[in-house]
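Participant: Here is my input, please return the structure:
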Amino acid sequence: MSEYFHSVTLDRDACKGCITCVKRCPTEAIRVRGGKAKIIKERCIDCGECIRVCPHHAKRAVTDSLSDLERFAYTVALPPPSLFGQFNHLEDTEILLDGLKLMGFDAVYEVSRGAELVSDATRRLLRAGALKRPVISSACPAVLRMIRVRFPQLIGNILHLRAPVEVAARLARREAMERTGLSSGEIGVVFLTPCPAKVTAARSPMGAEASGIDLTIGVSEIYPPLLAAMNALVKPSPETVSRAGRTGIAWGRSGGEASATLHERYLAADGMENVIKVLEEMEGERLGDVDFVELSACPAGCVGGVLNIENPYLAATRLKKLGRYRPVACSHIDGMPLEELAWETGVAPADVIRLDPSPMVAMEMLGRMEEIEKRLYHLDCGSCGAPSCRALAEDIVRGYSHEDACIYVLKEKMEAVQGSLTALRLGGFPKKEDLR
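Facilitator: Numbering: from 1, shown residues only. So this is what the prediction gives:
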């Protein structure tokens, strides 16, 4: 597996060595060793679940900063649909877009516009019967990495279209170059990200040679100055900035993308536990009556990203209200070749679970794993620092741990030693003459 950037990082000083993150990681990418959590980079998909559940705030996402905007002569903000749900009493998206310009961005390009183009392309491909069904949305990078790591046989079902933010980034740059006459390098395209997985996707994109995004700034960082700018607005800008309909805005919540396919045979699931269950159903070929599958790693969809501010379900409700009186869609791919939205490269499996490159050695290690697992207690308590007894058995085989890491195995050994000492004491110590 090739190396790629990780947004999720660990603050070892803040980590207390609890196993909360270990038990909740969907790819078993975290262990506690030496009293501190350790992220196994090869398995991490940057979903941010560990950030969400860590009681000590020892996990964080690496993002760019507002000060990085100074590197560019001209900056374009890419607000995602989920951003509109973060503000209470927001009646018009124009207020938020004007607030971004008041903050110092030279232009704004809604990711919702890219979402509507992807929805239009998806509908056409579904009608043409050109996709392997059920089709899996390509919008959530954490889900794509999950498929690479745990469900590689489903890669062929992934929709081979760029995520809306990548579509929006490329179109925004092109539009800015035409408007200003500046070169591509002088223009900074800045995505206001709701989650760490999208930061990773911008640094190490799948399905593309390079990302169109220059900077990724977390919503939690942009929120305070943006709120201040929105409150400081005297009147809306005479220039209409918003060009997205309710189809694009709905992408910010779970089910928005799937409903935009205009197919009744779709499924939408959010939250990593539910995503895994759906992928297991697909793996077992039990979703034959479904045409399209929308999967979001975060609860309630992108509004549930860990870099957001608001309760995700409240934010999702706000998005529904915002889209009520808008046109269905404002962006269509008429005249635009589908190739402009398609992936440039394929997605390869991430072979991180295989025990050894040699099949013979891997089979031998698997046999040892199963023998070790049989000797364990099958409680999956996590006290050993691994998420399950099977994971501990794998760690032992790989040389990362030992059986005594299991407190029950250790207790059993200590009780055996104590029993021997007790028997020795009750039997009495031998006399000196008996030893001659």
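
Participant: Break this protein into its domains for me.
Facilitator: As recorded under automatic domain parsing, the domains making up the chain are 8-61, 66-133+152-253+301-340, 359-427.

Participant: Quick one: distance of the shortest one to the chain centre.
Facilitator: When C-alpha coordinates are averaged (Cα atoms, centre = their mean, to the nearest Å), domain 8-61 and its chain have centres 14 Å apart.

Participant: List the buried residues in stretch 167-181.
Facilitator: By neighbour count on 16 or more other Cβ atoms under 10 Å, the buried set for stretch 167-181 is Val167, Ala168, Ala169, Arg170, Leu171, Ala172, Arg173, Ala176. (C-beta placed from N, C-alpha, C; glycine too.)

Participant: from the chain's centre, how far out does that stretch sit?
Facilitator: With Cα atoms, centre = their mean, you get 27 Å for stretch 167-181.

Participant: neighbouring contacts of the helix or strand encompassing Leu102?
Facilitator: If you go by DSSP states H and E, Leu102 is part of helix 93-103. Defining contact as Cβ atoms under 8 Å, 6 or more residues apart in numbering, one finds that helix 93-103 is touched by 77, 79, 83-84, 87, 90, 107-108, 110, 225-227, 229-230, 232-233, 236-237, 240-242, 244, 249, 322.

Participant: which of the residues you listed are buried?
Facilitator: 77, 79, 83-84, 87, 90, 107-108, 110, 226-227, 229-230, 241-242, 244, 249, 322.

Participant: These in helices, which ones?
Facilitator: Under the assignment DSSP state H, the buried ones among the contacts of helix 93-103 contribute Leu226, Leu227, Ala229, Met230, Ile249, Leu322 to helices.

Participant: How confident was the prediction at the spatially closest residue to the second one that is not a sequence neighbour?
Facilitator: Taking Cβ to Cβ, 6 or more residues apart in numbering as the measure, Leu227 lies nearest to Phe87, with 7.0 Å between them; neighbours along the chain are not counted. pLDDT, the model's per-residue confidence, is 96 for Phe87.

Participant: Got the phi and psi for Phe87?
Facilitator: When read as degrees, to the nearest 10, the backbone of Phe87 gives phi -120, psi 130.

Participant: how about low-confidence regions in the stretch 151-300 of the chain?
Facilitator: 236, 240 (pLDDT under 70).

Participant: could you redo the last one with a cut-off of 90?
Facilitator: 204-210, 233-243, 262-264, 288 (pLDDT under 90).

Participant: How many residues are close by Thr422?
Facilitator: 10 (other Cβ atoms under 10 Å).

Participant: and it, that's in a helix?
Facilitator: Yes: according to DSSP: H, G, I helix; E, B strand; the rest coil, Thr422 belongs to a helix.

Participant: How are the strands of this structure distributed by residue range?
Facilitator: 8-10, 30-33, 36-39, 59-61, 74-78, 107-108, 135-136, 187-193, 215-218, 266-270, 292-296 (DSSP state E).

Participant: a markdown table for those strands, including distance to Leu100?
Facilitator: A markdown table is the format used below for those (distance: least, Cβ to Cβ, whole Å):
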| stretch | distance to Leu100 |
| --- | --- |
| strand 8-10 | 26 |
| strand 30-33 | 36 |
| strand 36-39 | 33 |
| strand 59-61 | 21 |
| strand 74-78 | 5 |
| strand 107-108 | 5 |
| strand 135-136 | 32 |
| strand 187-193 | 8 |
| strand 215-218 | 11 |
| strand 266-270 | 27 |
| strand 292-296 | 25 |
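
Participant: Ok, which of those comes nearest Lys413?
Facilitator: The minimum distance between Lys413 and the strands of the chain falls on strand 30-33, with 20.7 Å, by Cβ to Cβ.

Participant: strands paired with the closest one, and their directions?
Facilitator: strand 36-39 (antiparallel) (DSSP bridges).

Participant: which outside residues touch the partner strand?
Facilitator: Against strand 36-39 from outside (Cβ under 8 Å, 6+ apart): 6, 8-10, 12, 15, 17, 21-22, 29-32, 50, 58-59.

Participant: follow-up on the earlier one: how about the ones in helices among the buried ones among the contacts of helix 93-103, which pair is most distant?
Facilitator: Greatest spacing in those, by Cβ to Cβ: Ala229 and Ile249 (20.7 Å).

Participant: so where's the stretch 1-150 of the chain shaky on pLDDT?
Facilitator: Ranges of the stretch 1-150 of the chain meeting pLDDT under 90: 1-5, 42, 89, 91, 130.

Participant: contacting residues around Leu126?
Facilitator: By Cβ under 8 Å, 6+ apart, the neighbours of Leu126 are Val135, Thr261, His263, Asp291, Phe292.

Participant: Same list (those) but as a markdown table, adding neighbour count and distance to Leu376.
Facilitator: What follows is those, written out as a markdown table (neighbours: other Cβ atoms under 10 Å; distance: Cβ to Cβ, whole Å):
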| residue | neighbour count | distance to Leu376 |
| --- | --- | --- |
| Val135 | 24 | 40 |
| Thr261 | 20 | 46 |
| His263 | 16 | 46 |
| Asp291 | 17 | 43 |
| Phe292 | 24 | 41 |
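
Participant: Identify, from those residues, the entry nearest to Pro299.
Facilitator: Phe292 (20.6 Å).
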